[in-house]
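Enquirer: just coords:
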Ligand code: B12
Ligand code: SF4
């Protein structure tokens, strides 16, 4: 007997879609309990459907559809999910719509002000989604018992408490039915990319970060980890079944348990899995605790890129951020990594926190130059601009300093960590100009941008297919590559001399990003 179906929608994210189209793990994970209870899952990923997304969405719905769910992070994705939600409501006014994901979790009330959204679910919502389906299909479950659920009632908003535990499906229970893995990849990766969480959560409390807000309600251990056997076995299956070659580890804290990480790497070597790895959540103090044998093991197992939050060159700011690392540690580890040329550290910086002075930013600039000088393989993933998210102490400080709290979904769509223009009233104009100039210098200070853009033809939307990018995107890429060494020289000059007047590269970058973002919307399904 059919238990009906649900449609899960993943929106375009913005200009980054030109480079990265990772598996929509949010909706794959959230489908789990529905899927095991016999509800059919229909995915619509706007990023891979291009212009046809509207017809694909309408076709996915039939008279057995129980609800349609939308996944959404703050920032630009809101606009896309909003458009899709309003569109589906226009065509199917009585079909329940549900928003979940990071944005609905931190801003449930603002989200429910939108009349086209019937429900929100906060937190990791797989079980709640199944219970909501039970309520909709046969009234079997009271709305008030669905953890994390929010809805409008009698002119007010009801919000149920969120679950206080961490519960995830086993890795081999992840159901990819209805997902074509070949359509997911990253630009310029010659190997097939697979993104994976080997753990979720983080016990640290860095003040600027989203993780402590998202995991705030979890009682007990704030870190859930899959076992070594499960991770290695899953990787082996994915290599065998899908020919994956590059693992993008998205964990917040892959190295939290060093022994577990070691066993995973040894397991991969023992089973002869020829994989390259990029690891997102790497802390410098964890690397500092590793000896050279561990670095050797990482290198042999195929780890290539490590995204490391150096955050700031100012000890004062590191303390304000409660990051728990020191500048000295970063310099020390970077020097040691020089002897392991396959391990590429990609340092991320953060700026724009209330209380930060221009002098603190200059200390970050000095650290960047030291890291580059000490290790020619060092890369810089960028200097993110701090964005205040509700639920954190820094958010309240920003509000006290004039930050206008976004009141609607539309207003939240302009909040972006890369180029957050306007509404940063706790920073003065000079500070913002210098920050933007440093941001664009970091794009060119190493060779990553030219390297990534050097082949302009390929399209990240379909692995190994020769689908071409739109002409204008190819031209923008070619221009940047041509200007690459000039921009690198400018970047070095700026950072060395702290010369941040008229950051023309910044204006070029935001214009390029905005054109790419618009073209993404226009891009046709290949
Ligand atoms: C991978 C990733 C990306 C990838 C894309 C992901 C993809 N699917 O292709 C890339 C690198 C492209 C990316 C981009 C962005 N990202 Co991002 N990203 C992540 C990361 C590392 C993992 C996301 C993930 O897959 N999680 C795993 C799944 C299982 O968890 P989940 O998404 O939370 O989903 C669960 C629940 O939220 C809920 N849920 C989710 N969807 C739904 C839907 C329904 C209907 C229901 C009921 C429940 C539900 O249930 C899920 C299962 O348990 C997170 C950090 C993190 N560790 O989560 C940041 C993170 C989600 N990103 C973030 C942001 C803001 C962005 C940007 C939108 C904005 C920006 N400027 O940075 C950009 C887009 C830029 C642009 N303009 O193009 C923020 C979100 C903060 C917020 N308030 O929304 C995070 C938390 C990073 C951070 N610390 O700030 N991102
Ligand atoms: S920045 Fe990293 S270490 Fe700090 S709380 Fe966030 S995920 Fe944890």
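Expert: Arrived safely. What you see is a predicted model; the values in this text were computed from it and never measured. Ligands and ions are numbered 1, 2, ... in the order given.
Enquirer: Can you tell me the closest non-neighbouring residue to residue 65?
Expert: The shortest distance from residue 65 to any non-neighbouring residue, by CB to CB, 6 or more residues apart in numbering, is to residue 5 (5.5 Å). C-beta here means a position set from N, CA and C on the backbone, and glycine is covered the same way.
Enquirer: The one you found: neighbouring residues, count only.
Expert: When neighbours are defined as other CB atoms under 10 Å, residue 5 has 18 of them.
Enquirer: quick one: contacts for it?
Expert: Applying CB atoms under 8 Å, 6 or more residues apart in numbering to residue 5 gives the contacts 39, 40, 41, 42, 62, 64, 65, 66.
Enquirer: Can you tell me the element the nearest residue to residue 228 once chain neighbours are set aside falls in?
Expert: Using CB to CB, 6+ apart and skipping residues adjacent in sequence, the residue nearest residue 228 is residue 263, 4.2 Å away. For residue 263, the host element (DSSP states H and E) is helix 258-270.
Enquirer: Look up phi and psi at the residue nearest to residue 65.
Expert: phi -140, psi 160 (degrees, to the nearest 10).
Enquirer: what about residue 322, how many residues close to it?
Expert: If we define neighbours as other CB under 10 Å, then residue 322 has 14 of them.
Enquirer: now the closest residue to it other than its chain neighbours: how far from residue 255?
Expert: Leaving aside its sequence neighbours, residue 322 sits nearest to residue 207 (CB to CB, 6+ apart; 5.0 Å). Per CB to CB, to the nearest Å, residue 207 is found 21 Å from residue 255.
Enquirer: and the two? which has more neighbours close in?
Expert: residue 255 (22 against 15).
Enquirer: How about the contacts made by the more buried one?
Expert: Shown in contact with residue 255 (CB under 8 Å, 6+ apart): 261, 282, 283, 286, 287, 290.
Enquirer: Give me the phi and psi for it.
Expert: phi -100, psi 20.
Enquirer: ranges for the strands of the stretch 51-200 of the chain?
Expert: Ranges of strands in the stretch 51-200 of the chain, per DSSP state E, counting those that start in this stretch, are 65-71, 97-100, 119-121, 149-153, 156-159, 185-186, 193-196, 199-201.
Enquirer: worst average pLDDT in those?
Expert: Among the strands of the stretch 51-200 of the chain, strand 185-186 carries the lowest mean pLDDT, a mean of 78.
Enquirer: How far does it sit from its chain's centre?
Expert: 14 Å (CA atoms, centre = their mean, to the nearest Å).
Enquirer: Show me what it is packed against.
Expert: strand 20-21 (3 or more CB pairs under 8 Å, 6 or more residues apart in numbering; DSSP states H and E).
Enquirer: hmm, the strand it packs on touching ligand 1?
Expert: Yes. Counting by CB under 6 Å from any ligand atom, ligand 1 has neighbours in strand 20-21: residue 20.
Enquirer: wait, what's in contact with the residue nearest to residue 179 when sequence neighbours are not counted?
Expert: Of all residues not flanking residue 179 in the chain, residue 43 sits nearest, at 5.9 Å (CB to CB, 6+ apart). By CB under 8 Å, 6+ apart, the residues touching residue 43 are 7, 8, 10, 24, 27, 28, 31, 178, 179.
Enquirer: How about the secondary structure of residue 43?
Expert: strand (DSSP: H, G, I helix; E, B strand; the rest coil).
Enquirer: Kindly state the beta-bridge partners for it.
Expert: residue 8 (DSSP bridges).
Enquirer: how much space is there between it and ligand 1?
Expert: Distance, residue 43 to ligand 1, using CB to the nearest ligand atom, to the nearest Å: 11 Å.
Enquirer: Do you know the pLDDT at that residue?
Expert: Looking at residue 43, the pLDDT reads 97.
Enquirer: repeat for the one 5 residues further on
Expert: At residue 48, the predicted lDDT confidence score is 91.
Enquirer: And for the one 4 residues further on?
Expert: According to the model's per-residue confidence, residue 52 sits at a pLDDT of 92.
Enquirer: what about it, how many neighbours?
Expert: By other CB under 10 Å, 13 other residues sit near residue 52.
Enquirer: Show me what from the stretch 201-350 of the chain comes close to ligand 1.
Expert: So the stretch 201-350 of the chain meets ligand 1 at 209, 210, 250, 252, 280 (CB under 6 Å from any ligand atom).
Enquirer: Just give the nearest non-adjacent residue to residue 426, would you?
Expert: residue 401 (3.8 Å).
Enquirer: I'd say that neighbour and residue 427 touch.
Expert: No. The criterion here is CB atoms under 8 Å, and residue 401 misses it with residue 427 at 9.0 Å.
Enquirer: The two - which one has more neighbours?
Expert: Taking neighbours as other CB under 10 Å, residue 401 and residue 427 compare with residue 427 leading, 19 against 14.
Enquirer: quick check, residue 434 in a strand?
Expert: No. Residue 434: not assigned to a strand; according to three-state DSSP it is helix.
Enquirer: ok, it - contacts?
Expert: Per CB under 8 Å, 6+ apart, neighbours of residue 434: 358, 361, 500.
Enquirer: roughly how far apart are it and residue 357?
Expert: For residue 434, the distance to residue 357 - CB to CB - is 11 Å.
Enquirer: Then residue 208?
Expert: In terms of CB to CB, residue 208 sits 16 Å off from residue 357.
Enquirer: mind listing what's buried in the host helix or strand of residue 477?
Expert: Using DSSP H and E, the element containing residue 477 is helix 471-497. The neighbour-count check on helix 471-497 (16 or more other CB atoms under 10 Å) flags 473, 476-477, 480-481, 483-484, 487-488, 490-491, 494-495 as buried.
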